[in-house]
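A.B. asks: Predicted structure and sequence below. I'll ask about it afterward.
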Amino acid sequence: MKNRRVLVTGSAGFIGFHLSKLLLSEGFKVHGFDGITDYYDTNLKNHRNEILCESPDFSFTKGMLEDHALLRNEFKTFKPSVVVHLAAQAGVRYSLKNPKAYIDSNIVGTFNVIEEAKNHNINHLLIASTSSVYGANENMPFKEIDKADTQMTIYAATKKANESMAHSYSHLHKLPTTLFRFFTVYGPWGRPDMALFKFTKGILSNEPIDIYNNGEMYRDFTYVEDIVQSIRLLIDKIPVEGKPVEKNDSLSPVAPYRLLNIGNSKKIRLLDFIEAIENELGKKAVRNLMPMQMGDVSETFADTSLLKALVDYSPNTEIEKGVALFIKWYKDYYNV
């Protein structure tokens, strides 16, 4: 890639931070854009951002995606060739309490990103979606070509809307676009509202941890560095209309547009995940078994054969290794 300038929205977030670090290590110029909202601890976001700002190839703007004029100016001044749009209002359970936040950030904000990508002739637009779009689909493992019309939360619904919005722009304006559906990302510098963070904190402080559906939940836990390595490889795989790479390619028949799962391709029982944390900490959890939560699903599991066919790579970090790396970071960061 000649023009190695990448705009990363959500650069102070969990995945955005790790992706920006990887791109900088490979010599890319990276401009971060992040609202550093107080959805969770802003100290954590600021610390991530401070690390990125140590690189002379990183620049940063604090701002909200809903501020279209500001975002337009970022495109105009930085002149990216690639945009990786990771910023979003995250959290399935929070969407039950504050649904409007998801419309503002995930619908309006994403529209602004897509519009400016079109206006500035971006070479490749990459957008984060989620495994939550599969909703009530029970066919496992989830394939990109499966129907995904039964979202069960407003969070998932906004992400599905993002996929449709991006497809329409890709078709109308021939904007090369790749969307990735993430499966339960975890690892160092993770979000405090995510299971691994909450479980580790609870066990270390002898507080009960809430375990939904009595632990009979299965998730395709995917280590964050596997996620960002996948994104990095996909940056170079620009979709070309009419050129699928395999029979089950999700490539649109009318646009340079593709959807991909990024997951570990292994479903892990939640109780086994908790046991891995207990083993690494050398301490048992106080378990508070609870019923299934509204909007939740009992199982997610990714088919990543398309990712493998495209970039010859599949996430493969074992849970025990990933959990150990997170706990090492957690103990160092919080000095416990």
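C.D. replies: Nice, I can see it.
A.B. asks: from here on, contacts and neighbour counts on C-alpha atoms
C.D. replies: Fine.
A.B. asks: lowest confidence element among the helices and strands of the protein?
C.D. replies: Using mean pLDDT, DSSP states H and E, helix 94-97 stands out as the lowest-scoring helix or strand of the chain, at a mean of 76.
A.B. asks: For this protein, give me the ranges with low pLDDT.
C.D. replies: 1-3, 91-93 (pLDDT under 70).
A.B. asks: need the contact list for the spatially closest residue to residue 68 that is not a sequence neighbour.
C.D. replies: Leaving aside its chain neighbours, residue 68 sits nearest to residue 112 (6.0 Å; criterion: Cα to Cα, 6 or more residues apart in numbering). Residues near residue 112 by Cα atoms under 8 Å, 6 or more residues apart in numbering: 65-66, 68, 71.
A.B. asks: Residue 112: what secondary structure?
C.D. replies: Following DSSP: H, G, I helix; E, B strand; the rest coil, the label given to residue 112 is helix.
A.B. asks: That one and residue 151: what is the separation?
C.D. replies: According to Cα to Cα, to the nearest Å, residue 112 stands 23 Å off from residue 151.
A.B. asks: Sort out which residues of whichever strand or helix holds residue 331 are buried, please.
C.D. replies: Assigned by DSSP states H and E, residue 331 falls within helix 319-334. Buried residues in helix 319-334, counted by 16 or more other Cα atoms under 10 Å: 319, 322-324, 326-327, 329-330.
A.B. asks: Compute the number of surrounding residues for residue 308.
C.D. replies: When neighbours are defined as other Cα atoms under 10 Å, residue 308 has 14 of them.
A.B. asks: Skip the chain neighbours and tell me the closest residue to it.
C.D. replies: Distances taken as Cα to Cα, 6+ apart put residue 314 closest to residue 308, at 5.6 Å, once the chain neighbours are dropped.
A.B. asks: Over to residue 269?
C.D. replies: Of all residues not flanking residue 269 in the chain, residue 218 sits nearest, at 4.4 Å (Cα to Cα, 6+ apart).
A.B. asks: Please list all residues in contact with the one you found.
C.D. replies: Taking Cα under 8 Å, 6+ apart, one finds 267-270, 298-300 in contact with residue 218.
A.B. asks: So in terms of bridging, what pairs with it?
C.D. replies: residue 269, residue 299 (DSSP bridges).
A.B. asks: so how far is residue 190 from it?
C.D. replies: Distance from residue 218 to residue 190, counting by Cα to Cα: 20 Å.
A.B. asks: coming back round to it: the helix holding residue 331 - contacts with which helices or strands?
C.D. replies: Packing partners of helix 319-334 (3 or more Cα pairs under 8 Å, 6 or more residues apart in numbering; DSSP states H and E): helix 270-281.
A.B. asks: buried sites along the next helix or strand after the helix it packs on?
C.D. replies: Next in sequence after helix 270-281, counting helices and strands by DSSP H and E, comes strand 287-289. Using 16+ other Cα under 10 Å as the test for burial, strand 287-289 gives residue 287.
A.B. asks: Phi and psi next, for residue 61.
C.D. replies: Phi and psi for residue 61, reported as degrees, to the nearest 10, are phi -130, psi 130.
A.B. asks: Just confirm it contacts residue 49, I think it does.
C.D. replies: No. In this structure, residue 61 is not within contact of residue 49 by Cα atoms under 8 Å, at 10.5 Å.
A.B. asks: Of these two, which one has the most company?
C.D. replies: residue 49 (23 against 15).
A.B. asks: excluding its backbone neighbours, what's nearest that one?
C.D. replies: Closest to residue 49 by Cα to Cα, 6+ apart is residue 12, at 5.3 Å.
A.B. asks: Check the gap between that neighbour and residue 50 for me.
C.D. replies: The gap separating residue 12 from residue 50 is 9 Å, by Cα to Cα.
A.B. asks: repeat for residue 327
C.D. replies: Separation of residue 327 from residue 50 (Cα to Cα): 22 Å.
A.B. asks: try residue 286
C.D. replies: 36 Å.
A.B. asks: Could you write out the alpha-carbon coordinates of stretch 134-153 in CSV?
C.D. replies: The C-alpha coordinates for stretch 134-153 follow below in CSV (Å, rounded to 0.1, in the frame of the first residue of the first chain):
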residue,chain,number,x,y,z
TYR,A,134,-27.1,-13.3,14.3
GLY,A,135,-29.7,-12.9,17.1
ALA,A,136,-32.1,-15.8,17.3
ASN,A,137,-30.3,-17.8,14.6
GLU,A,138,-29.6,-21.3,16.0
ASN,A,139,-27.6,-22.7,13.1
MET,A,140,-24.1,-23.3,14.4
PRO,A,141,-21.4,-22.3,13.6
PHE,A,142,-22.6,-19.0,12.3
LYS,A,143,-21.7,-18.4,8.6
GLU,A,144,-21.7,-14.9,7.0
ILE,A,145,-24.2,-16.1,4.4
ASP,A,146,-26.7,-17.2,7.0
LYS,A,147,-29.8,-15.0,7.5
ALA,A,148,-29.4,-12.4,10.2
ASP,A,149,-32.8,-10.8,10.5
THR,A,150,-33.7,-11.5,14.1
GLN,A,151,-31.7,-9.2,16.3
MET,A,152,-32.6,-9.3,20.0
THR,A,153,-31.3,-5.9,21.3
